[in-house]
Structure formats: structure tokens, C-alpha cells
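Student: below are the sequence and a predicted model; questions follow.
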Amino acid sequence: VLTDPFFMCGATLANYLSLPFVFFMRGLPCNLHYVATQCPSPLSYVPRIFTFNSDHMTFFQRVENALISLLELQYCNGVYREALKLSSEVLQRDVSLADLINSASISILRFDFVFEYVRPVMPNMVFVGGINCAQKK
């Protein structure tokens, strides 16, 4: 099943039918695409989105980065609350957001690794940069 993980319907359906599934995404809020696949993402090095920090942060920027990471977790739980409730009903067991996302066979990431901060990624994560770019005039 080829699905977008932002809406958890495809992941829920694939789990229900016991089918392998592939995520085709630009990214998930809260770095869930890295968290679910257990990629290292140290807060002292990788800045969070909308902080406008670089990978060379001062102590206070690192503290800000850690606080924003905690807030992102609460934000994501709120955004996906209804989807998780539906998934728990359909699969007839308690599921977490990481349970649904980390069971993907392959994650196709629609951004170029050159523009991301250097970090190790798991073997089932594939970068296909430039797929959403408009033609240059």
C-alpha cells in the first residue's frame, strides 16, 4: 500500500489487512519520520523546525531547542488524537503514533538530503529530492 503518513488511514488499513506499506512523504510534524524509525537526532546538534538555529548553537539556543522538542510532542499528540482513536478501534488494540509509523516497510522522503542536516538514516529511508520542484523559468 502506497500511502501518505500525515493521514493515518493508509497505515491503519495496511496494518488491518497485514499488508506491507510504503510511506511517500515530505516529512511529518515533530520529526516523527526520524523518531519512529529510531534515527539519531540529538537536540544539541539538529535544530528543530521554526527555530532558525544552525547546527552551531549556543547554550541558550540548545535549551530553546529542547523546550520546542517537548512542545512538539504535545502538539503531535493533539493533532493525531482522533486518528489514533480510530486506529485503536479498527485494530482492536491500543496503538501509538510510533507504532503506526515505524511499521512501514519503506519511507520515501520527498526532499533532498543535501538541504537537511547531516544525520544517519535507517536503510529503509530513501531520499528522492526534487520530485516536487517546479520547472525553472
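Tutor: In hand now; what should we look at?

Student: closest to the centroid, which residue in the protein?
Tutor: residue 33 (2.3 Å; Cα atoms, centre = their mean).

Student: secondary structure class of that one, three-state.
Tutor: Following DSSP: H, G, I helix; E, B strand; the rest coil, residue 33 is assigned to helix.

Student: which pLDDT value belongs to it?
Tutor: At residue 33, the pLDDT value in this model is 78.

Student: for it, give me its contacts.
Tutor: Contacts for residue 33 (Cβ atoms under 8 Å, 6 or more residues apart in numbering) come out as 5, 23, 25, 27, 101, 107, 109, 125. Glycine gets a C-beta too; all of them are placed from N, C-alpha and C.

Student: over to residue 69?
Tutor: By Cβ under 8 Å, 6+ apart, residue 69 lies in contact with 43, 48.

Student: likewise for residue 6?
Tutor: Counted by Cβ under 8 Å, 6+ apart, residue 6 has contacts 25, 28.

Student: on the three-state scheme, it is what?
Tutor: Here residue 6 is recorded as coil under three-state DSSP.

Student: just give me the closest of the contacts of residue 33 to residue 95.
Tutor: Proximity of these to residue 95 (Cβ to Cβ) peaks at residue 101, which lies at 10.3 Å.

Student: is it true that the closest one touches residue 14?
Tutor: No. Using Cβ atoms under 8 Å, residue 101 is not in contact with residue 14; the gap is 11.7 Å.

Student: got the contacts of residue 33 as CSV, with distance to residue 39 columns?
Tutor: Formatted as CSV, these follow (distance: Cβ to Cβ, whole Å):
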residue, distance to residue 39
5, 15
23, 14
25, 14
27, 13
101, 12
107, 10
109, 11
125, 7
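
Student: all set now, cheers.
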